[in-house]
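> let me see the structure of the following:
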Amino acid sequence: MMNGLPKIDEVTALEYTSLKVPYELLNKRFRTAQKSLDRHNFRVREASNELTKVVDAEKVNDIITVGQIAPQTQTIMERLDALQESFGQVVTDEMSMAKLLESRINYLKEANTNDSWKREAWKHQRIDRLIIDHLLRSGYFETAQKLAEQSDVEVMCNKSIFMIAKQVEDSLSRHETDRCLEWIMDNKSKLRRMKSSLEVALRIQECIELVKNGQRMQAVLYTQKHFSTLPPQLWTGAVLKVMGLIGFGHTYGIESYKALCSDDKWDTLIELFRQENARIFQLMEHSSFNACLCMGMSAMKTPHCRPDPTSRCPICHPEINELAEDLPFAHTTNSRLVCPYSGEPLDENNPPFMLPNGRVYAHRCGNKPSR
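Below is the predicted model:
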């Protein structure tokens with residue numbers, strides 16, 4: 001900390017999601033556990049109240065037999081056992097996620113070790129982790145898993161959230177909504193706080209599919225079930241158009257209705273899901289590997305870089321040069337001259353000299369370039 005502000009370095013810049021993802025998963029487990037325990041607790045109280053009613057009803061006889069309260073007592077015991085089992089599972093789930101978060105914190109602390117060998121090894125592992133993250137985002141899960149095992153960084157990989165996201169995207173690409181709805185239910189409280197429109201968009205698409213299949217009456221019932229509780233501000237745009245679509249049918253010749261029934265809407269849903277998934281786990285739009293690669297290429301790019309397979313400049317390599325085409329040039333306040341033959345800097349200890357052909361080389365090269 002300096003002047004009350006947190007120290008910003010490459011670790012805090014690149015490793016934010018390494019801690020944010022397990023934190024959000026722990027938070028999600030906590031909310032799910034709370035709902036589960038509340039549900040079991042309610043059922044225990046409900047059974048207890050039933051037992052109390054039986055006892056109060058038999059008070060007039062002054063004698064309550066075991067047989068009279070046995071069913072209610074048995075119900076209470078069963079529900080207490082279910083509560084205990086649920087509690088044990090909840091604690092196990094939360095502890096596993098808390099340990100994951102702790103292990104990641106301890107791993108990131110190794111970046112500041114005084115042991116230079118460990119620090120360099122940690123940096124090499126980080127490069128592997130950046131590549132793994134990029135592979136996971138691209139859907140190459142088996143390759144990412146093998147690299148994670150080889151580099152011993154499995155604890156730092158967010159494989160689960162990318163695998164779930166891939167499953168949802170694949171189902172949407174097949175024009176299926178069940179998997180995405182399941183994901184929405186799992187993250188409902190978080191999406192509600194973010195004021196997400198994903199569920200509404202998905203419900204609209206399901207309604208459109210009913211109309212396209214000629215099931216207009218079912219579409220009416222569907223809208224009554226899912227859209228009747230929508231707040232007034234959401235009854236605009238696509239929702240109102242869907243109402244018109246139900247009334248006129250998908251074969252009606254208005255352009256806006258044709259666009260509403262287009263298969264391109266599924267691509268829009270996939271993109272919306274990606275955005276909401278990224279918002280929940282605070283994922284960057286592009287991978288950290290992509291960002292680091294762009295920064296590295298930009299740091300070496302000069303106005304003189306051109307595609308040249310014989311050049312030793314990385315940016316002049318034809319394939320790299322194509323990637324760096326739209327990147328800005330390196331910001332350099334002081335120019336540095338480098339010998340094109342040896343790669344050594346040209347300065348007062350190694351002055352430049354020019355050959356008769358007009359090329360400039362370092363003095364230490366002697367007559368090597370001429371050979």
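
> can you tell me the closest non-neighbouring residue to T143?
L135 (5.4 Å; CB to CB, 6 or more residues apart in numbering). Quick note: C-beta positions are derived from backbone N, CA and C, even for glycine.

> so that neighbour sits in a helix?
Yes: assessed by DSSP: H, G, I helix; E, B strand; the rest coil, L135 belongs to a helix.

> that one reaches K146, doesn't it?
No: taking contacts as CB atoms under 8 Å, L135 lies outside contact range of K146: 9.7 Å.

> who has more neighbours, these two?
Ranked by neighbour count (other CB atoms under 10 Å), L135 and K146 place L135 first, with 23 against 13.

> M77 versus S116, what's the distance?
62 Å (CB to CB, to the nearest Å).

> which one of those two has more residues nearby?
M77 (12 against 8).

> before we move on, which element is the more buried one in?
helix 66-109 (DSSP states H and E).

> packing partners for that helix?
helix 16-58 (3 or more CB pairs under 8 Å, 6 or more residues apart in numbering; DSSP states H and E).

> just checking, what packs against the helix it packs on?
Looks like helix 16-58 contacts helix 66-109, helix 159-173, helix 188-193, helix 264-281 (3+ CB pairs under 8 Å, 6+ apart).

> pull out the buried residues from the third one.
Yep, that's helix 188-193 we're talking about. Going by neighbour count (16 or more other CB atoms under 10 Å), the buried part of helix 188-193 is 190-191.

> who's in contact with that helix?
24, 28, 31, 184, 198-199, 276, 280 (CB atoms under 8 Å, 6 or more residues apart in numbering).

> need the next SSE after it, C-terminal direction.
helix 198-212.

> after that following helix comes which helix or strand?
Past helix 198-212, the next helix or strand by DSSP H and E is helix 216-226.

> packing partners of that next one?
Counting by 3+ CB pairs under 8 Å, 6+ apart, helix 216-226 packs on helix 198-212, helix 238-248.

> give me the buried positions along the shortest one.
If I follow you right, that is helix 238-248. Quick answer for helix 238-248 (16+ other CB under 10 Å): 238-239, 241-243, 245-246.

> K53: which of the residues you listed is nearest?
Of all those, K53 sits closest to V239, with 46.9 Å by CB to CB.

> please verify my assumption that the closest one contacts I204.
Yes: using CB under 8 Å, V239 is in contact with I204, at 6.5 Å.

> buried residues in stretch 158-172?
Under the neighbour-count criterion of 16+ other CB under 10 Å, stretch 158-172 has 158-159, 161-162, 165, 168-169, 171-172 buried.

> ok, now stretch 31-49?
Buried residues in stretch 31-49, counted by 16+ other CB under 10 Å: 33, 40, 43-44, 47.

> do stretch 332-339 as well
So stretch 332-339, judged by 16+ other CB under 10 Å, has buried residues C339.

> for this structure, which element, helix or strand, carries the lowest mean pLDDT?
The least trusted helix or strand in the chain, going by mean pLDDT, DSSP states H and E, turns out to be helix 255-260, with a mean of 72.

> show me where pLDDT drops low in the stretch 51-200 of the chain?
58-62 (pLDDT under 70).

> try the stretch 251-371 of the chain
251-256, 366-371.

> mind listing the strands for it?
Ranges of strands in the stretch 251-371 of the chain, per DSSP state E, counting those that start in this stretch, are 352-354, 360-362.

> walk me through the domains of this protein.
According to automatic domain parsing, the chain is divided into the following domains: 1-112, 176-281, 298-365.

> would CSV of the buried residues of helix 238-248 with pLDDT and distance to V54 be doable?
Below are the buried residues of helix 238-248 laid out as CSV (pLDDT from 0 to 100; distance: CB to CB, whole Å):
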residue, pLDDT, distance to V54
A238, 74, 54
V239, 79, 51
K241, 81, 57
V242, 82, 52
M243, 83, 52
L245, 82, 56
I246, 82, 52
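
> if we only consider those residues, which is nearest to W122?
Of the buried residues of helix 238-248, the one sitting nearest to W122 (CB to CB) turns out to be A238, at 49.1 Å.

> can I assume the closest one is in contact with A201?
Yes: under the criterion of CB under 8 Å, A238 makes contact with A201 at 7.4 Å.

> can you point out the buried residues in stretch 270-282?
So, applying 16+ other CB under 10 Å, buried residues of stretch 270-282: 270, 272-273, 276-277, 280-281.

> distance between that stretch and the chain's centre?
7 Å (CA atoms, centre = their mean, to the nearest Å).

> what does it rub up against?
Residues outside stretch 270-282 that contact it (CB under 8 Å, 6+ apart): 16-17, 20-21, 24, 158, 161, 165, 168-169, 172-173, 180, 183, 187, 190-191, 194, 196-198, 201, 283-285.

> just give the number of residues close to the nearest residue to F353 once chain neighbours are set aside.
Using CB to CB, 6+ apart and skipping residues adjacent in sequence, the residue nearest F353 is H363, 5.6 Å away. Neighbour count of H363, defined by other CB under 10 Å: 13.

> possible to save the buried residues of stretch 31-49 as TSV with distance to L221 and pLDDT?
Below are these laid out as TSV (distance: CB to CB, whole Å; pLDDT from 0 to 100):
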residue	distance to L221	pLDDT
A33	35	90
H40	34	91
R43	32	92
V44	37	91
A47	36	89
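
> from those, which is closest to C292?
For the buried residues of stretch 31-49, the nearest to C292 is A33 (37.3 Å; CB to CB).

> who wins for proximity to T229 among the helices and strands packed on helix 216-226?
Across these, closest to T229 is helix 198-212 (CB to CB), at 11.1 Å.
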